[in-house]
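# Only the shape, not the letters, is given here:
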């Protein structure tokens, strides 16, 4: 058993690429070793700003010899087939092959080939160059001296197997056992012979924390110590923590102080200036929401003055950034949002859909229409929608696009707009991801829904829908946002008429068709687009409910009824799911499937007669089981009306449960395909009645099982 240590040392690897590269290196290396027939006890990898390192422990020194069996053609096969077999098996004569007999297939040739094992050192020497040359970086560069591509110029390769260097070469770089430490505190070089030796030297004299977990823990402890002494607490930012973990080999936390006068800027501006440009963490006093006039910087060096000069220099840089932000802030506040909104008419949204100003007009009209349906004031919803995109032309959003909506809220408040209008401007973009909160205030809900629905209807109208994994306009996210807003706020919204009406504003650029024929064509197109878009919403709803553990086929079963109220659909799905988990539900589903299969078989023979209806007189002459089923079906059809009208779907399921025993008894005691054509037709009509009764609740044909 041996240990393999592989280090790929380069110039700085972008922080966002390190974690994936670490995993990719380990996966590629272990795949090559496994393919060569080698096994090992454990394997892991670490990554940092300048290195990717993989370690394989307990590695076989040599792969086992293998005896392979290669089947050939039958004895007496054509010479061409024999020749191909010999080439594939590496034989020079058919006499070198064996003959095996099979009672059914006869005699065939078989070649038994012995494949000798390989030394691990040879496998590694062959694998590492292939891994390096084939490594999948999102972006890479080629050095002037050769054709080797790497994320940044590759400088060294350490490759050691059981203490000895594995000889290999990649792009002019020859493997060795020398590595480097921290550029300032312990460059080295260091001669290494094993993982333990490598780790001890680099994390000791080399001042390099090798693992991401180790650097992250060191940063968090440093922040806790610095904040504890100053009576502060960190404003959490997992994304920034992940990034700085990949920036410093020897992270040292320094607490800096900023000019308190900048605290009159919106806190989002301060945090974004710190984060985007300088990679600083914001801090606050415990128990407060406002920021403290301090920041946390993670340096890559231990300073002799405990970081005083680092803190001072970074404070100067931050002051310059915040001075620019203050200039933008004051300039934007001097321009009313209505004036900003006018400029949207000159900004393209999508050629076929007009300008941003055109979109605002559509969203404002739709928000006003939706407002009563979600409990919002129509005037406020329209006002918020007209101002929602205005900050896109502001200086601040031009500098920090991430603040769209956020700055609009501040500008609205400074202009004395109503608070719920201002909040709607900020929140109408939400949710922007699966973990983002949805707006809950009615005005914000109306504007958020209007904005997303307008985008979806518009792109459907110009036939630019998502295809495969491509979704350049984030239409899946928009639809998922609509689903989440509606469900989490329990908004009772009929989507089909909303989509149809809004489609009408887009067809033929909003112009009215001149003839009745054109009107009908426009209506048909709108109906078709709306139906297709509803299916798209169904897929997003499936995603949400699947995450909650609900079955996708039940959603199909409810959607097939033409239902477009998402809240109602979920209620039906939940009740249907609970019903099908009972014995009555499972048995009734089986009975439905049997009835449906009989009807399907009859339809294959020829379409079922039109106006197929049950003749009670024939039923009265039939078996008791047939009479009982007819009575149960007619009773159920009447009994379903009240619970369905009250949206009592659990009650509707209880009604359906009453059909379970009669359906079972019917199939056990009644022959549907009776020799009497009239009786047969009547019994088919009875099955249609059973099917139709169940379809009042859901389309059971869509249910699996």
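Here it is on my side, so go on. Because the structure is predicted, anything quoted here is derived from the model rather than measured.
# my read: residue 630 touches residue 685, true?
No - Residue 630 lies out of contact with residue 685 (C-beta atoms under 8 Å); the separation is 9.8 Å. From N, CA and C alone the C-beta is placed, and that goes for glycine too.
# These two: who's more crowded?
A count of neighbours by other C-beta atoms under 10 Å puts residue 630 above the other of residue 630 and residue 685, at 24 against 20.
# contacting residues around the helix or strand where the more buried one lies?
Secondary structure assignment for residue 630, by DSSP states H and E: helix 624-645. Residues from elsewhere that reach helix 624-645, judged by C-beta atoms under 8 Å, 6 or more residues apart in numbering: 614, 616, 619-620, 648-652, 654-656, 658-659, 662-663, 665-666, 668-670, 683, 686, 689-690, 692-693, 696-697.
# Kindly report the same for stretch 208-217.
Stretch 208-217 is contacted from outside by 18-19, 22, 46-48, 51, 53, 181-182, 186, 199, 202-203, 218, 241-242, 245-246, 248-251, using C-beta under 8 Å, 6+ apart.
# Which positions within it qualify as buried?
208, 209, 210, 211, 212, 214, 215, 216 (16 or more other C-beta atoms under 10 Å).
# just how off-centre is the lowest-mean-pLDDT helix or strand in the chain within its chain?
Scoring the helices and strands of the chain by mean pLDDT, DSSP states H and E places helix 516-547 at the bottom, with a mean of 78. How far helix 516-547 lies from its chain's middle: 23 Å, per C-alpha atoms, centre = their mean, to the nearest Å.
# which helices and strands sit right next to that helix?
Here helix 516-547 touches helix 442-461, helix 475-489, helix 495-504, helix 552-559, helix 566-580, going by 3 or more C-beta pairs under 8 Å, 6 or more residues apart in numbering; DSSP states H and E.
# the inter-axis angle of that helix versus helix 552-559?
Helix 516-547 runs at 150 degrees relative to helix 552-559, counting by axes from the mean of the first three to the mean of the last three C-alpha atoms, to 10 degrees.
# between helix 516-547 and helix 566-580, how many degrees?
Angle of helix 516-547 versus helix 566-580, following the same axes, to 10 degrees, is 50 degrees.
# got the buried residues for helix 516-547?
522, 526, 529-530, 533-534, 536-538, 540-542, 544-545.
# Likewise for stretch 224-238?
The neighbour-count check on stretch 224-238 (16+ other C-beta under 10 Å) flags 226, 227, 232, 233, 234, 235, 237 as buried.
# shouldn't the fifth one be in contact with residue 223?
So the one you mean is residue 234. Yes - Residue 234 lies in contact with residue 223 (C-beta under 8 Å); the separation is 5.4 Å.
# Between those two, which contacts overlap?
Here residue 234 and residue 223 have 281, 296 as joint contacts, going by C-beta under 8 Å, 6+ apart.
# On the three-state scheme, the closest residue to residue 279 other than its chain neighbours is what?
The shortest distance from residue 279 to any non-neighbouring residue, by C-beta to C-beta, 6 or more residues apart in numbering, is to residue 244 (5.6 Å). Classification of residue 244 using DSSP: H, G, I helix; E, B strand; the rest coil returns helix.
# Can you check the pLDDT for residue 244?
Looking at residue 244, its pLDDT stands at 95.
# Residue 253 versus that one, what's the distance?
10 Å (C-beta to C-beta, to the nearest Å).
# any residues in contact with both of the two?
Common neighbours of residue 244 and residue 253, counting by C-beta under 8 Å, 6+ apart, are 219, 298.
# in the stretch 51-200 of the chain, which spans are helices?
Assigned by DSSP state H, counting those that start in this stretch, the helices in the stretch 51-200 of the chain fall at 79-89, 120-133, 195-203.
# can you list those helices in a markdown table and add mean pLDDT?
Formatted as a markdown table, the helices of the stretch 51-200 of the chain follow (pLDDT from 0 to 100):
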| stretch | mean pLDDT |
| --- | --- |
| helix 79-89 | 85 |
| helix 120-133 | 94 |
| helix 195-203 | 96 |
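# Switch these over to CSV; also include mean neighbour count.
Converted to CSV, those look like this (neighbours: other C-beta atoms under 10 Å):
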stretch, mean neighbour count
helix 79-89, 14
helix 120-133, 19
helix 195-203, 18
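# With respect to residue 160, which of those lies nearest?
helix 195-203 (8.4 Å; C-beta to C-beta).
# Now do that closest one: distance to the chain's middle.
Counting by C-alpha atoms, centre = their mean, helix 195-203 comes out at 39 Å from the chain centroid.
# and that helix, what other elements does it pack with?
In this structure, helix 195-203 packs against strand 2-10, strand 51-59, strand 190-191, with contacts taken as 3+ C-beta pairs under 8 Å, 6+ apart.
# partners of the shortest one in the sheet?
Note on strand 190-191: by DSSP bridges, its sheet partners are strand 178-179 (antiparallel).
# so where's the stretch 501-650 of the chain shaky on pLDDT?
Low-confidence segments of the stretch 501-650 of the chain (pLDDT under 70): 506-524, 606-611.
# got the contact list for residue 24?
Here residue 24 is in contact with 135, 136 (C-beta under 8 Å, 6+ apart).
# Checking it next. Helix, strand or coil?
At residue 24, secondary structure determined by three-state DSSP is helix.
# quick one: it from residue 248, how far?
22 Å.
# got it, and residue 227?
18 Å.
# centroid residue for the chain?
Closest to where the C-alpha atoms of the chain average out (C-alpha atoms, centre = their mean) is residue 434, at 8.1 Å.
# so who does that residue touch?
Residue 434 is in contact with residue 480, counting by C-beta under 8 Å, 6+ apart.
# cutoff 10 Å now
Shown in contact with residue 434 (C-beta atoms under 10 Å, 6 or more residues apart in numbering): 477, 480, 484, 543, 544, 547.
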